[in-house]
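**Q** Provide a 3D model corresponding to the input given below.
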Amino acid sequence: MRVIKALENSFETHGIKIVAIFRMIPGNKMSQNYFLAVTKLKFRSYIIGTYAGSHTISLITAYIGTQIKSVEEVVNGGSEHYSVMHVVLGALVGIIIISLTCAVIKDARQQLNDIMDE
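**A** Numbering: from 1, shown residues only. Below you'll find the predicted structure:
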């Protein structure tokens, strides 16, 4: 029961962050909407979080899509040689995505622990 109360409180105080993270998770958005509807989430937080999370994942998938020209190239090993700059930029983007994901998870855990301690 303590965890449920902590989650309810977190939706009131950190609603935008939670919705943004939800929107980055692939899967059924309808079930996410049902879940968010039964929380104490403000409509403004829902709109801003949805906008932020949806556009973030769209930018990431668009970038990945521009890096892969076609499925045939991937299967055949690629007909185009990538420069060192392409490899470095690809690795840098990967590191940034992984770092941001880890930072969000660490922050979420810390905030949940703080709420649970209250």
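
**Q** Count the neighbours of residue 7 for me.
**A** Counted with other C-beta atoms under 10 Å, the burial measure for residue 7 works out to 15 neighbours. From N, CA and C alone the C-beta is placed, and that goes for glycine too.

**Q** mind listing what it touches?
**A** Contacts for residue 7 (C-beta atoms under 8 Å, 6 or more residues apart in numbering) come out as residue 39.

**Q** For residue 36, see how far away it is.
**A** Remark: distance between residue 7 and residue 36 (C-beta to C-beta, to the nearest Å) = 12 Å.

**Q** Where does pLDDT dip in this structure?
**A** Low-confidence segments of the chain (pLDDT under 70): 1, 68-83, 118.

**Q** Show me what counts as buried in the longest helix along the chain.
**A** As assigned by DSSP state H, the longest helix anywhere in the chain is helix 84-117. For helix 84-117, the neighbour count (16 or more other C-beta atoms under 10 Å) marks 111, 115 as buried.

**Q** on contacts alone, who are the packing partners of that helix?
**A** For helix 84-117, the helices and strands in contact under the criterion 3 or more C-beta pairs under 8 Å, 6 or more residues apart in numbering; DSSP states H and E are helix 2-13, helix 15-24, helix 43-67.
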